[in-house]
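Q: with the input below, show me the fold.
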Amino acid sequence: MSAALKIDEFNLLDDGECDARIVAAKNILGKRLAILGHHYQRNEVFKHADFTGDSLKLSQLAATTDAEFIIFCGVHFMAEVADIVTDGKRTVILPDLAAGCSMADMANLVKVKKCWEEISQILDPDEKVTPVTYINSAADLKAFCGNHGGIVCTSSNARGVLEWSFSRREKVLFFPDQHLGRNTGVRMGIPLEQMVTWDFMKPRGGLTDDEIRNAKMILWKGFCSVHQMFQASHINNFRKQFPEGKVISHPENNYEVVQMSDVVGSTETILRTVRASAPGTHWLVGTELNLVNRLADEVKSKNITVQFMSPTVCMCSTMFRTDPQHLAWVLDNLVAGNVVNRIRVPSEIAKPARAALNLMLEVVD
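A: Prediction:
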C-alpha cells in the first residue's frame with residue numbers, strides 16, 4: 001500500500017486519459033471489482049458500469065455479487081443502501097462524496113423525529129401511523145422506520161407497501177417525496193382531501209389537530225428538483241403537435257403531470273414500456289435527461305421516437321458530480337492498495353434500516 005493518490009491530480013486529466021486509466025484498472029482488478037451505474041448517470045461514466053439500473057436493482061445486484069469492491073456511480077443514499085444490504089461484507093465506494101440528493105436532504109432525522117413528537121401530541125403514532133420512507137432517503141431515516149414498525153418503498157412498489165401499511169395502521173407518514181405519496185394514494189382511491197402536506201418548516205407541519213386526525217396520509221413537503229421542471233403545459237404542447245403521441249412519466253412528477261400521462265412508472269418501467277412499444281410510436285418522457293437521451297438513441301432504429309418533456313435542460317446535478325476523473329481516481333487508488341471514499345453505515349443504524357428494507361422485499365416480493 002502506498003500513500004493515497006490525490007483527486008487534484010486527476011481533475012487535470014481529460015476524459016480520454018481517464019477512460020484509459022479506468023479500463024486499465026478494471027482489467028487489473030478483474031472480478032474483485034463491480035461498478036454500478038444508475039440510469040441518471042452521465043454517459044462518460046455510465047459506459048464503464050458492469051451493472052446498470054435504478055437504485056434498488058443496483059443494490060440487489062450488490063448483494064449478490066462476489067466482488068470485493070463495489071463502486072456505486074450514483075448518489076450517497078444509494079451507496080448507503082448497498083452497504084446495508086451487503087452487511088458490510090463488501091467495500092462500497094462513492095466516487096464523489098458530494099454526490100447527494102436534494103430530495104433526500106429535505107427530510108433529516110431531526111425533522112422527522114420532531115414531526116413524530118408533534119403528531120404524538122394529538123394521537124399515538126406508534127398505534128395509528130406507519131412511517132414509510134422512500135428509498136431516496138438517508139440510512140438513519142430507514143432506521144427510524146425500522147424502529148417504529150415502518151418500512152421502505154421504491155417508486156415501483158409504493159402501492160404494495162402502502163397497502164401493507166394500511167392493513168396494519170390507519171394512517172401513513174410518507175417521506176421525503178410528497179408527489180410519489182400523493183400519486184400512489186390517488187391511484188389507490190384515497191381522496192386528495194385525506195392527504196395533507198406536512199410543512200417541516202412550520203410548527204405541527206402547518207396543520208390543525210383536526211387535519212392530522214382526519215388524514216389518511218401525511219405527506220412530507222419534499223420533492224425532486226428535476227421532476228418538478230415538468231409541467232402540464234409541456235404535455236399540452238406535445239399533444240397539439242402529436243395528437244397520437246404517448247406520454248410517460250415518473251411518479252415523482254407533480255399531480256397534474258401524472259394525471260395527464262398515459263403511463264406512469266419507475267425508471268425501469270419507463271425503459272421497459274418504451275422498448276416494447278410499436279414502431280412509429282412517439283413518446284414524451286418525463287424523467288431525467290441522461291436516461292431519456294440514451295433511450296432515444298437506443299430505440300431510434302426501431303422507428304420509435306423519444307422526446308424529453310421539458311424544453312429546458314434539467315439533469316440531476318448531484319448525480320452529475322460523478323465524473324470520469326473521480327472514477328479514475330478511486331480505481332487507481334484501489335490498484336495501489338488504497339480505499340478512498342468508502343461508505344460505511346454504523347451497525348446501530350444499519351440493523352434497523354436493514355429490517356425496514358427486508359420487510360419491503362417480503363411485502364412486495
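Q: next, the buried residues of stretch 331-340.
A: Of all the residues in stretch 331-340, those buried under the rule 16 or more other C-beta atoms under 10 Å are L331, D332, N333, L334, V335, V340. The way it works is simple: take the backbone N, C-alpha and C, and place the C-beta from them, glycine included.
Q: end to end on it, go ahead and measure it.
A: Chord length of stretch 331-340, first to last residue, is 9 Å (C-alpha to C-alpha, to the nearest Å).
Q: tell me how far that stretch lies from the chain's centre.
A: 28 Å (C-alpha atoms, centre = their mean, to the nearest Å).
Q: could you do stretch 358-365 as well?
A: For stretch 358-365 - counting by C-alpha atoms, centre = their mean - the centre lies 17 Å from the chain centre.
Q: what residues sit buried inside it?
A: In stretch 358-365, counting by 16+ other C-beta under 10 Å, buried: L359, M360, V363, V364.
Q: can you show me the strands along the stretch 1-150 of the chain?
A: Using DSSP state E, counting those that start in this stretch, the strands found in the stretch 1-150 of the chain span residues 33-38, 51-53, 69-73, 91-93, 129-134.
Q: which neighbours does the last one have in its sheet, and in what orientation?
A: This points to strand 129-134. Strand 129-134 has its sheet partners listed here by DSSP bridges as strand 151-153 (parallel), strand 171-175 (parallel).
Q: quick check: what element follows the first one along the chain?
A: Scanning forward in sequence from strand 151-153, with DSSP states H and E defining helices and strands, the next element found is helix 158-168.
Q: what angle separates that following helix from strand 129-134?
A: With axes from the mean of the first three to the mean of the last three C-alpha atoms, to 10 degrees defining the directions, helix 158-168 sits at 170 degrees from strand 129-134.
Q: helices and strands around helix 158-168, which ones?
A: Here helix 158-168 touches strand 129-134, strand 151-153, strand 171-175, helix 178-187, helix 347-364, going by 3 or more C-beta pairs under 8 Å, 6 or more residues apart in numbering; DSSP states H and E.
Q: JSON lines for these, including distance to W198 and mean pLDDT?
A: Formatted as JSON lines, the helices and strands packed on helix 158-168 follow (distance: least, C-beta to C-beta, whole Å; pLDDT from 0 to 100):
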{"stretch": "strand 129-134", "distance to W198": "11", "mean pLDDT": "97"}
{"stretch": "strand 151-153", "distance to W198": "17", "mean pLDDT": "96"}
{"stretch": "strand 171-175", "distance to W198": "8", "mean pLDDT": "98"}
{"stretch": "helix 178-187", "distance to W198": "8", "mean pLDDT": "98"}
{"stretch": "helix 347-364", "distance to W198": "20", "mean pLDDT": "93"}
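Q: rewinding a little: how about the strands paired with strand 129-134 in JSON lines, adding mean neighbour count?
A: Below are the strands paired with strand 129-134 laid out as JSON lines (neighbours: other C-beta atoms under 10 Å):
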{"stretch": "strand 151-153", "mean neighbour count": "29"}
{"stretch": "strand 171-175", "mean neighbour count": "27"}
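Q: with adjacent residues omitted, what lies nearest to the residue positioned nearest the centre of the chain?
A: Among the residues of the chain, the one closest to the centroid is N136, at 4.4 Å (C-alpha atoms, centre = their mean). Counting by C-beta to C-beta, 6 or more residues apart in numbering, A104 is the residue found nearest to N136 once chain neighbours are left out, at 5.2 Å.
Q: hmm, back to that, relative to V81, which of the strands paired with strand 129-134 is closest?
A: strand 151-153 (8.8 Å; C-beta to C-beta).
Q: could the helices and strands packed on helix 158-168 go into JSON lines alongside distance to E17?
A: Output for those, formatted as JSON lines (distance: least, C-beta to C-beta, whole Å):
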{"stretch": "strand 129-134", "distance to E17": "38"}
{"stretch": "strand 151-153", "distance to E17": "40"}
{"stretch": "strand 171-175", "distance to E17": "43"}
{"stretch": "helix 178-187", "distance to E17": "40"}
{"stretch": "helix 347-364", "distance to E17": "37"}
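Q: quick check: which of those is nearest to F46?
A: When the helices and strands packed on helix 158-168 are compared by C-beta to C-beta, strand 129-134 sits nearest F46, at 23.1 Å.
Q: take the closest one, keep the C-alpha atoms, and write them as CSV.
A: Presented in CSV, the C-alpha positions along strand 129-134 are these (Å, rounded to 0.1, in the frame of the first residue of the first chain):
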residue,chain,number,x,y,z
VAL,A,129,-49.3,5.8,12.0
THR,A,130,-46.9,3.7,9.8
PRO,A,131,-43.8,5.6,8.8
VAL,A,132,-42.9,4.9,5.2
THR,A,133,-39.7,6.3,3.7
TYR,A,134,-38.9,6.4,0.0
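Q: tell me where the stretch 251-365 of the chain has helices.
A: Along the stretch 251-365 of the chain, counting by DSSP state H, counting those that start in this stretch, helices occupy 255-260, 267-275, 289-299, 324-335, 347-364.
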